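Enquirer: what's the 3D shape of this:
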Amino acid sequence: MAKVTLKDGSVREFPIGTTMGEAAAQISPKLGKEAIVAKWNGEVVDLSTPIAENGNLEILTFEDEEGQWAYRHSSAHILAQAVQHLFPDVKFGIGPAIANGYYYDFDTEHVFTPEDLAAIEAEMQKIIKEDYPFVRKVVSREEALDFFSERGEKYKVELIRDLPEDAVISMYQQGDFTDLCAGPHVPSTGKIKAIKLMSLAGAYWRGSEKNKMLQRIYGTSFLKKSQLDDYLYKLEEAKKRDHRKLGAQLGLFSLQEEGPGFPFFHPKGMVLRNELERFWREEHRKWGYLEIRTPIILNRSLWERSGHWDHYKENMYFTKIDEMDFAIKPMNCPGAMLVYKTEQHSYRDFPLRLAEMGLVHRHEKSGVLHGLMRVRAFTQDDAHIFMLPSQITDEIKNVIDLVDQFYNIFGFKYHVELSTKPEKAMGSAEIWEQATEALRQALEEKGMDYIVNEGDGAFYGPKIDFHLEDSLGRTWQCGTIQLDFQMPEKFDLTYIAEDGQKHRPVMIHRVVFGSIERFIGILIEHYAGAFPAWLAPVQVKILPITDRQLDYAYHVKKQLERVGFRVEVDARNEKIGYKIREGQMEKVPYMLVVGDKEMAEGTVAVRKRGVGDTGAVPVQEFVTLLSKEVAEKE
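Expert: Below you'll find the predicted structure:
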């Protein structure tokens, strides 16, 4: 008998030779049915793997990320088998699982078309129905080379030859298809339920343009058709919400050939941006922050001192001034260090919170640029907080509360990750451990659930990252809190302590929006361009039915503008139905229709976005209603 420790810490005994799948069924019939793969002593394995000794066992289902990857990797093998049935001359590249799906690369004279995808998908369904078992076979290097060489699979042969000498080589067979693969896989093809082939693309073999271009087929798979339908719906919805498309449609921003990665904000986009910045400044004043501004271009010596020259140079832009090297700042922190050093500080000044809406530039490759989400110039809503070591935990908790307040305003759920020391880092292991523990303590005292993201900290310190979840369930990393013992040391920052001696402060770097440009892109997609009234570039559109009401429409406009609302009048000689449809396309929160009756009674007929006609009210009543909505940021 083998003693097996389960995920919940309980210990079960199983006869030697019991497979992982059999163990799952014995633990719970439901778990046995839902099991996809298992994790044995930390390694993900097939359910057919026998228990040979004492160990730790976790049964993975589609709810687990590793379960999804095995499920979709198995789907990729089914795709390859279907292509082999329909196009026998095909040679196979690789077919991994990826986020939300999988792909497989093929070399064939036949050029795949969208019509082919339907036929391939139908063949996949037949393979699934046949319920072929996935059978794993460990082979020697010579056996693997012989097998794939005989079949002319030159790509597989190349992969085998590149494997380390001590590598375990395995092949998986389902029915008449065999592939080189490390696995693991689902027990049989029938385990795959809902499939969809998504698109075609070209891909150089092994990602090198020196190699042949292969044809790549992308697909996805889910346990249930309802899950697949929901995923496809969200994909379509995401296309409609694409911030690049809506940004142009709503006149918010543009991307020009003359400035790749450098967005142009238009008047309506500037309204949205200014409202976000105004909100940011108001809240930061309430939370005890002092605003600063630092230069965009600073001398090379500063970046050498900060460590950016050694650790971040490939992402920076440079220039020469008076024969000296300067860099355009990729981060705001060194400037904040210089501001701190302009005067002597006392422990009584702490925590000292310096905030900056700072424009930074980072060199991004053209292939990764994406609208406002990935740009080369962006504004970080930075803050650098200087404090006593004894204030670290409380100050981190304070920042967590600020971030929570901000995200709740915009209706975002979020999850938190703690990122630890990266491979390329400054400072001793002891300092890193101290900083990481301080962040961990703050999270635990706040009672927050968090994921540990090993090795993903900044080069100067560990961090807490906030990942927003938008209305389509997608996540975006925005806010971050980074604890830093390095910069104060490098810039020789000091304060006068209670003992009258100079001591070194501790510092926090933090952002809430992250990048104002990226946050705007996220908001556009989150709201599908239908911004809440307090953010909307145009809050009210007045629609006169005929020219007779034009003077009254402009009179109402002035009344609303005096209160501070952003208002437009649609004075075009068009039918009212057309004007209403236009206003709906522009996603204006409120449209006020005015005809002879409204003009005579001093009222407006209110149409609320998403609701429709709510009836006529006096102008002042509408002012009260909208004022409350804007003030409360509903």
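Enquirer: need the contact list for residue 265.
Expert: Residues near residue 265 by Cβ atoms under 8 Å, 6 or more residues apart in numbering: 252, 253, 273. Quick note: C-beta positions are derived from backbone N, CA and C, even for glycine.
Enquirer: Wait, the last one touches residue 513, no?
Expert: No. Between residue 273 and residue 513 there is no contact under Cβ atoms under 8 Å: 10.6 Å.
Enquirer: Show me which of those two is the more surrounded one.
Expert: Using other Cβ atoms under 10 Å as the criterion, residue 273 and residue 513 rank with residue 513 on top: 24 against 20.
Enquirer: Pick the one among the contacts of residue 265 closest to residue 97.
Expert: Nearest to residue 97, judged by Cβ to Cβ, of the contacts of residue 265 is residue 253 at 35.4 Å.
Enquirer: For that closest one, grab phi and psi.
Expert: Dihedral angles of residue 253 (phi, psi; degrees, to the nearest 10) stand at phi -160, psi 170.
Enquirer: Buried residues, stretch 223-237. List them.
Expert: 223, 228, 231, 234 (16 or more other Cβ atoms under 10 Å).
Enquirer: do the same with stretch 352-372
Expert: Buried, per 16+ other Cβ under 10 Å, within stretch 352-372: 352-362, 364, 371-372.
Enquirer: same question, stretch 248-258
Expert: Buried, per 16+ other Cβ under 10 Å, within stretch 248-258: 250, 252, 253, 255.
Enquirer: Now, the residues you listed that are in strands?
Expert: Counted as lying in strands by DSSP state E, out of those, are residue 253.
Enquirer: quick one: which two of the buried residues of stretch 248-258 are the most distant?
Expert: The span of the buried residues of stretch 248-258, defined through Cβ to Cβ, is set by 250 and 255 at 14.5 Å.
Enquirer: Helix or strand: which one has residue 372?
Expert: Take DSSP states H and E as the rule and residue 372 turns out to sit in neither a helix nor a strand.
Enquirer: Kindly indicate which of the buried residues of stretch 352-372 lies nearest residue 551.
Expert: residue 372 (40.5 Å).
Enquirer: okay, now the residue nearest to the closest one when sequence neighbours are not counted: neighbour count?
Expert: Once flanking residues are discounted, residue 372 sits nearest to residue 521: 3.4 Å by Cβ to Cβ, 6 or more residues apart in numbering. Using other Cβ under 10 Å, residue 521 has 26 neighbouring residues.
Enquirer: now, which of the contacts of residue 265 sits nearest residue 162?
Expert: residue 253 (45.4 Å).
Enquirer: can you pull the contacts of the closest one?
Expert: Counted by Cβ under 8 Å, 6+ apart, residue 253 has contacts 247, 263, 264, 265, 266, 269, 372, 520.
Enquirer: from these, which ones fall inside strands?
Expert: Using DSSP E, these in strands are 264, 265.
Enquirer: Generate TSV for the contacts of residue 253, with pLDDT and distance to residue 114 as supplementary columns.
Expert: What follows is those, written out as TSV (pLDDT from 0 to 100; distance: Cβ to Cβ, whole Å):
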residue	pLDDT	distance to residue 114
247	95	29
263	96	33
264	97	35
265	97	38
266	97	36
269	97	36
372	94	31
520	96	35
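Enquirer: Could I have the buried ones of the contacts of residue 253 as PyMOL selection syntax?
Expert: To isolate the buried members of these in PyMOL, using 16+ other Cβ under 10 Å:
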select buried, resi 247+263+265+269+372+520
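Enquirer: of the contacts of residue 253, closest to residue 390?
Expert: Looking across those and measuring by Cβ to Cβ, the closest to residue 390 is residue 520, at 38.2 Å.
Enquirer: Surely the closest one and residue 372 touch.
Expert: Yes. Shown here, residue 520 and residue 372 form a contact pair, counting by Cβ under 8 Å, at 5.8 Å.
Enquirer: Find the residues that touch each one of those two.
Expert: 243, 253.
Enquirer: my guess is residue 119 is in a helix, correct?
Expert: Yes. Counting by DSSP: H, G, I helix; E, B strand; the rest coil, residue 119 is part of a helix.
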